[in-house]
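*Asks:* sharing a model that was predicted from the sequence below.
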Amino acid sequence: MTDKSSETANEQVDTSDLAYHDDPGASPTYIGDPKLRFEAGRALVWGLVIGLIVLVIHISQSLLVIFGAMVFACMVDGGARLLAKVIPVGRGLRVAIVLLLVTAFFIWLGYFAGSQISQQAAQFPSIINEQLGRLIGFLQSKGFAIRSGDIQSFAGSMASGVGTVTKAIGGIFGGLTTLFLIIIIGIYLAIDPRIYERGVAWIVPASQRGGFYDTLSHQAYTLRRLMAGRLVGMAFEGFFTWIMLAFGGMVIGTGSVPMAALLGLLTGLLAFIPNIGAIISGILMVLVGFSGGTDMGLYTIFVYFLVQNFDGYVLVPMIAKKTVDLAPALVLSAQLIFGVLFGLLGLALADPLLAMIKVALERRSARRKGDVEPHAAPEAA
């Protein structure tokens, strides 16, 4: 009896095994249980999500370079749109005019102002070191146990923290290569941005393309306004700082501040990085100012606060702040995080990236509430 039942069971096993091999859809990895199949599918999705996150982290520097190119293209696009109001020519020619004007400015800066600024730049480190030595001596006289080595180690740790950049973007050569890539990609984007917009839109589901174009148009508008305010603020801060340091001190009797042209240029360039850039330029300005005496140092403090207050409370709000409306604490936090993660490039692009995220969330919320109607692809200006 037992032998017959065993033979019957073996026959059933052999039959199921034949049925398994005869099924064209079956495979050694096939999971017959629906619940196990569902859980395996979920595990696969989570694995793909984690892999995508790892990939994004791995190529984050390249993505940041592409975003920097988009910011540069947006600035060129803003200049081309301004030219369209006075010069009725095609977009390609207007973009070429903007690029020629920018190139001419930097050529002028290099040939006519470069000699004076380079001479001042050669003296700049020695003056800063001398003033830091005086500051350390003053603190030691007041009872603070501080040494020059402590300052150097602190500066080194700050540089290593804020300057955490991958090998592709590290160093002077890497920085120049990155800048070159940003400019080249940005020029291609500025010449005909609609090609790339349509290319990305093809990836988006057809039902969501109206919302995609709606968000993209508002992001482009916000970024143009933000960059316009940034460029105007940079030009104002650099020029006005140079005028005040070079000639203002002569009027009130403190004399011209040393390296006024270099300080004006550094102030204008550092103004591209809100909050942190102003602090760095102010420290450099005050250190150089006190090298000429207490009166000159106090005058540089006055110039710093005058320029920063006018730019922060009058100029920038009129152009960009009302459009973007980013909380200062949020901007500063984003700059610190992106600076630690991506170095100087992340620090410079934290503000535009934060603005783009804010606009995307606002447009998504507005569409869900039904306050706006998604529109089709905009026409090139």
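*Replies:* Thanks, I have it. Predicted model, so just to flag it, every value in this text is computed and none were measured.

*Asks:* give me the phi and psi for Ile59.
*Replies:* phi -110, psi 20 (degrees, to the nearest 10).

*Asks:* which outside residues touch stretch 260-280?
*Replies:* Stretch 260-280 has contacts (Cβ atoms under 8 Å, 6 or more residues apart in numbering) with 113, 116-117, 120-121, 124, 230, 233-235, 237-239, 241-243, 245-246, 257, 281, 284-285, 288, 307-308, 311-312, 328, 331-332, 335, 339, 347-348, 351. For every residue, glycine as well, the C-beta is placed using N, CA and C.

*Asks:* buried ones only from the residues you listed, please, as a ChimeraX command.
*Replies:* To isolate the buried ones among these in ChimeraX, judged by 16 or more other Cβ atoms under 10 Å, type:
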select :117,120,124,230,233,234,237,238,241,242,245,246,257,281,284,285,288,307,308,311,312,331,335,339,347,348,351
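
*Asks:* and the contacts of stretch 260-280, which of them are in helices?
*Replies:* Within those, membership in helices is found for 116-117, 120-121, 124, 230, 233-235, 237-239, 241-243, 281, 284-285, 288, 307-308, 328, 331-332, 335, 339, 347-348, 351, as judged by DSSP state H.

*Asks:* helices of the stretch 151-300 of the chain, start to end?
*Replies:* Ranges of helices in the stretch 151-300 of the chain, per DSSP state H, counting those that start in this stretch, are 171-191, 193-203, 209-243, 249-252, 260-270, 276-290, 294-310.

*Asks:* and those, which one is worst for confidence?
*Replies:* Looking over the helices of the stretch 151-300 of the chain, mean pLDDT reaches its minimum on helix 249-252, with a mean of 67.

*Asks:* for Gln131, give me its contacts.
*Replies:* Leu287, Val288, Phe290, Ser291.

*Asks:* ok, the residue nearest to the third one when sequence neighbours are not counted - how many residues close by?
*Replies:* This means Phe290. In space, and not counting its chain neighbours, Phe290 is closest to Gly297: 3.4 Å by Cβ to Cβ, 6 or more residues apart in numbering. Around Gly297 there are 20 other residues, counting by other Cβ atoms under 10 Å.

*Asks:* what sits against Gly297?
*Replies:* Applying Cβ under 8 Å, 6+ apart, we find Gly297 in contact with Val286, Gly289, Phe290.

*Asks:* that one and Val286: what is the separation?
*Replies:* To Val286, Gly297 is 6 Å away according to Cβ to Cβ, to the nearest Å.

*Asks:* buried residues in stretch 333-342?
*Replies:* Applying 16+ other Cβ under 10 Å to stretch 333-342 flags Ala334, Gln335, Leu336, Phe338, Gly339, Leu341, Phe342 as buried.

*Asks:* can you put these in TSV and add pLDDT?
*Replies:* Output for the buried residues of stretch 333-342, formatted as TSV (pLDDT from 0 to 100):
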residue	pLDDT
Ala334	83
Gln335	81
Leu336	83
Phe338	85
Gly339	81
Leu341	81
Phe342	80
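
*Asks:* pick the one among those closest to Ile59.
*Replies:* Among the buried residues of stretch 333-342, Phe342 lies closest to Ile59 (Cβ to Cβ), at 12.1 Å.

*Asks:* identify the residue nearest that closest one in space, chain neighbours excluded?
*Replies:* Closest to Phe342 by Cβ to Cβ, 6+ apart is Leu64, at 5.6 Å.

*Asks:* repeat that for Ile66.
*Replies:* Ile66's closest residue in space is Ile185 (Cβ to Cβ, 6+ apart), at 6.6 Å.

*Asks:* got JSON lines for the contacts of Gly297, with distance to Ile276 and neighbour count too?
*Replies:* Formatted as JSON lines, the contacts of Gly297 follow (distance: Cβ to Cβ, whole Å; neighbours: other Cβ atoms under 10 Å):
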{"residue": "Val286", "distance to Ile276": "16", "neighbour count": "19"}
{"residue": "Gly289", "distance to Ile276": "20", "neighbour count": "27"}
{"residue": "Phe290", "distance to Ile276": "22", "neighbour count": "20"}
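
*Asks:* burial count for Phe67?
*Replies:* By other Cβ under 10 Å, neighbour count at Phe67 equals 17.

*Asks:* please verify my assumption that it contacts Ala350.
*Replies:* No. The criterion here is Cβ atoms under 8 Å, and Phe67 misses it with Ala350 at 10.7 Å.

*Asks:* next, count neighbours for Gly92.
*Replies:* Neighbours of Gly92 using other Cβ under 10 Å come to 12.

*Asks:* quick one: contacts for it?
*Replies:* Here Gly92 is in contact with Ile191, Asp192 (Cβ under 8 Å, 6+ apart).
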